[in-house]
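**Q** coordinates only, sequence not included:
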């Protein structure tokens, strides 16, 4: 028989619902505000104060200016390259490293894990890293953004935990049939660890999409700039004058604000659309292998 909720439990439930609704509003409203502001008339949004719940006059000029900017197109092209190629390098490198560390007969396993974990808390620093990349000839090349961060230590530990949950009997059967370690990894371990792989794809892809600091330090050629670095230039250095041809001088400041809002939407919307399709793998991927029978 189902027990009735007490007055305190009902009040607690109502409080939880209201709290979560408030939290959702606080979290989502900044994005909604930017989206509505990007669609508003420049003069109206410049004079507006307070909450924004609807566009102040529907205007698509900011988006037209953004997509007509050649640097936005270059940034999109470069970012897609960094996301696809970089994520592929990350997955292969992390999977190989995680597979080695998941072997039960690995010599000096604890020592290797300790040395790897240390890299999560201590690094060489910006200047030594810059000098190393320059010495390796990767300065002002795409490899300066892809190779140094090929393996994320935390991600490799998560993937190693997932690989350890695969039954040993499958690996032993494959070895009896003459399978090599690479065959076991790519034809047995990885197909059985797809939730972990999906999480790694999402984490690495989002990291590449949002990354700008490495490009700011190592790149000089504007043709190699990722989208986020182009966005940074538009938002911080006010490089919007070439996007407002034909606008009066007094209107340029208002138009520049809507262009900045539109640029933010253009740069964040693709990754936001991708996230819901991989969200379900998060908890399953992170917890896989955490519970042992």
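**A** The structure has been received and is ready for your questions. Bear in mind the structure is a predicted one, so any value in this text is a computation, not a measurement. Numbering: from 1, shown residues only.
**Q** was I right about residue 262 contacting residue 38?
**A** Yes. Using CB atoms under 8 Å, residue 262 is in contact with residue 38, at 4.1 Å. The C-beta positions use only the backbone N, C-alpha and C, and glycine is treated the same way.
**Q** joint contacts of these two?
**A** 62-63 (CB atoms under 8 Å, 6 or more residues apart in numbering).
**Q** So the closest residue to residue 58 other than its chain neighbours versus residue 264, what's the distance?
**A** Spatially, and ignoring its direct neighbours in sequence, residue 58 is nearest to residue 39 (5.9 Å; CB to CB, 6 or more residues apart in numbering). According to CB to CB, to the nearest Å, residue 39 and residue 264 sit 13 Å apart.
**Q** Which residue lies nearest the spatial centre of this structure?
**A** By CA atoms, centre = their mean, the chain has its centre lying nearest to residue 206, at 1.4 Å.
**Q** per-residue confidence for that one?
**A** Reported pLDDT at residue 206 in the predicted model: 84.
**Q** Without its sequence neighbours, what residue ends up closest to it?
**A** Nearest one to residue 206, counting by CB to CB, 6+ apart, is residue 271 at 6.0 Å.
**Q** Can you get me a residue count around the one you found?
**A** 16 (other CB atoms under 10 Å).
**Q** Let's verify it: helix, strand, or coil?
**A** helix (DSSP: H, G, I helix; E, B strand; the rest coil).
**Q** mind checking how far it is from residue 146?
**A** For residue 271, the distance to residue 146 - CB to CB - is 18 Å.
**Q** Also residue 10?
**A** Counting by CB to CB, the gap from residue 10 to residue 146 is 55 Å.
**Q** between the two, which one's more packed in?
**A** Using other CB under 10 Å, the more surrounded residue of residue 10 and residue 146 is residue 146, with 20 against 11.
**Q** what is the mean pLDDT for the helix or strand hosting residue 163?
**A** Assessed by DSSP states H and E, residue 163 sits inside helix 153-164. Averaged across helix 153-164, pLDDT comes to 87.
**Q** How about whichever helix or strand comes after it, which residues are buried there?
**A** Where DSSP H and E defines the elements, the next helix or strand beyond helix 153-164 is helix 168-176. Neighbour counts over helix 168-176 (16 or more other CB atoms under 10 Å) mark 171, 174 as buried.
**Q** before we move on, back to that, what's the residue nearest to residue 206 in contact with, if anything?
**A** 205-206, 209-210.
**Q** In ChimeraX, how would I select the buried members of those?
**A** Of these, the buried ones go into a single ChimeraX selection, burial set by 16+ other CB under 10 Å:
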select :205,206,209
